[in-house]
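Visitor: quick one: sequence and predicted model below, then my questions.
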Amino acid sequence: MTHRIIPATLRDLSYIAANLRPEDKTEIECQLDNWSPALLALTALQGFAYVAELDGNPEAGFGAAEQRSGLWIAWSWGTRRMRRCVPGITQFFHAVLGPQVAARGAFRVEARALAENQLALRWLARLGATQRCRLPEYGKNGETFILFDWTRESWNHVPFSKTTRLEAAAADTDHCRQGRAGARSSAQG
């Protein structure tokens with residue numbers, strides 16, 4: 001099974017959003033009013049956005065977006081095959097996305113997960129996020145969420161010179177030098 005991580009496109013994120021696994025759909029529905037796959041995909045293109053593919057098919061979207069100076073929100077969602085992408089996304093998060101966000105001056109990155117989504121809670125902990133608090137009544141129907149974060153101290157072990165090199169590698173993740181908005185390549189990396 002071939003997997004790769006590429007810069008996100010509206011097409012890929014729309015496909016993923018239209019085919020969400022039940023846990024992600026539940027989590028999104030209780031946070032957003034009147035959402036649609038296209039609107040979710042468009043919103044996800046803010047900041048850094050990536051797609052994990054399996055055998056050329058987009059299966060998971062993830063990234064981070066700046067909410068205000070220094071404060072970022074990390075996100076991820078996917079299809080039923082997302083689980084197969086988690087190891088690659090985890091590696092990419094540590095090697096590329098985390099350093100990219102740190103290099104942009106983030107002092108705090110937050111992520112929220114539905115309290116009943118045990119898979120997401122375990123994954124956030126594995127990514128090195130610190131569980132900060134419960135957010136009772138955070139969901140629009142009274143659902144409880146858990147707030148996680150990474151602070152500057154969490155990633156201060158990444159030297160800036162290494163971060164710059166990783167950003168250059170991330171800009172060419174599809175090895176076609178097309179950047180995030182570039183056309184899809186038919187070549188598998």
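Guide: Yes, it's here.

Visitor: output the below-cut-off pLDDT ranges for the protein.
Guide: Low-confidence segments of the chain (pLDDT under 70): 154-189.

Visitor: now with 90, please.
Guide: Where the chain drops to pLDDT under 90, the residues are 1-2, 34, 119, 152-189.

Visitor: so which residues of it form strands?
Guide: Ranges of strands within the chain are 3-7, 48-54, 57-68, 71-78, 108-114, 130-135, 145-151, based on DSSP state E.

Visitor: and the residue nearest the centre of the protein?
Guide: What sits nearest the mean C-alpha location of the chain, by C-alpha atoms, centre = their mean, is F62, with 2.2 Å.

Visitor: before we move on, the earlier item: of all the strands of the chain, which one is nearest Y15?
Guide: For Y15, the closest of the strands of the chain is strand 57-68, at 5.4 Å, according to C-beta to C-beta. Just so you know, the C-beta spots here come from the backbone N, C-alpha and C atoms, and that holds for glycine as well.

Visitor: the closest one vs strand 71-78, what angle?
Guide: 160 degrees (axes from the mean of the first three to the mean of the last three C-alpha atoms, to 10 degrees).

Visitor: the residue nearest to the centre of the chain contacts W75, correct?
Guide: Yes: between F62 and W75 there is a contact at 6.6 Å, judged by C-beta atoms under 8 Å.

Visitor: so what's D149 closest to, chain neighbours aside?
Guide: E110 (4.9 Å; C-beta to C-beta, 6 or more residues apart in numbering).

Visitor: burial measure for Q46, as a count.
Guide: Neighbour count for Q46, taken as other C-beta atoms under 10 Å: 14.

Visitor: for the closest residue in space to it that isn't next to it in sequence, give the beta-bridge partners.
Guide: Closest residue to Q46 apart from its sequence neighbours, by C-beta to C-beta, 6+ apart: A65 at 4.3 Å. With DSSP bridges applied, A65 shows beta-bridge pairing to I73.

Visitor: if I pick A65, what's in contact with it?
Guide: Taking C-beta atoms under 8 Å, 6 or more residues apart in numbering, we find A65 in contact with Q46, G47, F48, A49, W72, I73, W75.

Visitor: touching, A17 and A41? I think so.
Guide: Yes: the pair A17 / A41 is scored as a contact, 5.0 Å apart, by C-beta under 8 Å.

Visitor: now the common contact residues for the two.
Guide: Common neighbours of A17 and A41 (criterion: C-beta under 8 Å, 6+ apart): G61.

Visitor: where do the helices of the chain begin and end?
Guide: Taking DSSP state H as the test, the helices found in the chain are 10-18, 22-29, 37-44, 86-92, 98-103, 118-126, 160-171.
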